[in-house]
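# Predicted model and sequence follow; I will ask about them next.
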Amino acid sequence: MAFGFIVFVILFIFVVPGIFRWLWNITRPQVFHLPEIEYWQAFRIIVMAGILFGGWHYTANSTGGWGMHL
C-alpha cells in the first residue's frame, strides 16, 4: 500500500509538469505571444504556484481513505 502511494507521488511529480508544459506551449505562444517553456521551467512554476496558493494538504476522511484539500 505504501509502495503504491510512493510510486503515485513520484509519477505525479514528474507527469504534472510535463502536462503543464504541453498545455502552456500549445496555448500561450499563440494567444499571448509568450515563449515556449522547458520541462524544468514548468516544474518550477508548479512549485511556486503551490507555495503561493497554499499547496496540497492530504488528510484522512471519515471513510478511512485519503482526501485532497486544495
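Now that the structure is in, tell me what you want to look at. Numbering: from 1, shown residues only.

# could you check the distance from residue 21 over to residue 2?
Applying Cβ to Cβ, to the nearest Å, the value for residue 21 to residue 2 is 30 Å. (Glycine included, C-beta is placed from N, CA and C.)

# Which one's more surrounded, these two?
Taking other Cβ atoms under 10 Å, residue 21 and residue 2 do not tie; residue 21 has more neighbours (20 against 6).

# State the helix or strand in which the more buried one lies.
helix 2-32 (DSSP states H and E).

# Would you indicate which residues of that helix are buried?
Across helix 2-32, burial judged by 16 or more other Cβ atoms under 10 Å covers 17, 20-21, 24-25.

# What pLDDT is listed against residue 63?
pLDDT recorded at residue 63 is 60.

# what's the answer for residue 5, then?
pLDDT at residue 5 comes out at 91.

# Equivalent analysis for residue 31, please.
You'll see residue 31 listed with a pLDDT of 88.

# before we move on, the earlier item: what's the distance between the helix holding residue 21 and the middle of its chain?
How far helix 2-32 lies from its chain's middle: 6 Å, per Cα atoms, centre = their mean, to the nearest Å.

# Packing partners of that helix?
Packed against helix 2-32 by the contact rule (3 or more Cβ pairs under 8 Å, 6 or more residues apart in numbering; DSSP states H and E) you find helix 39-52.
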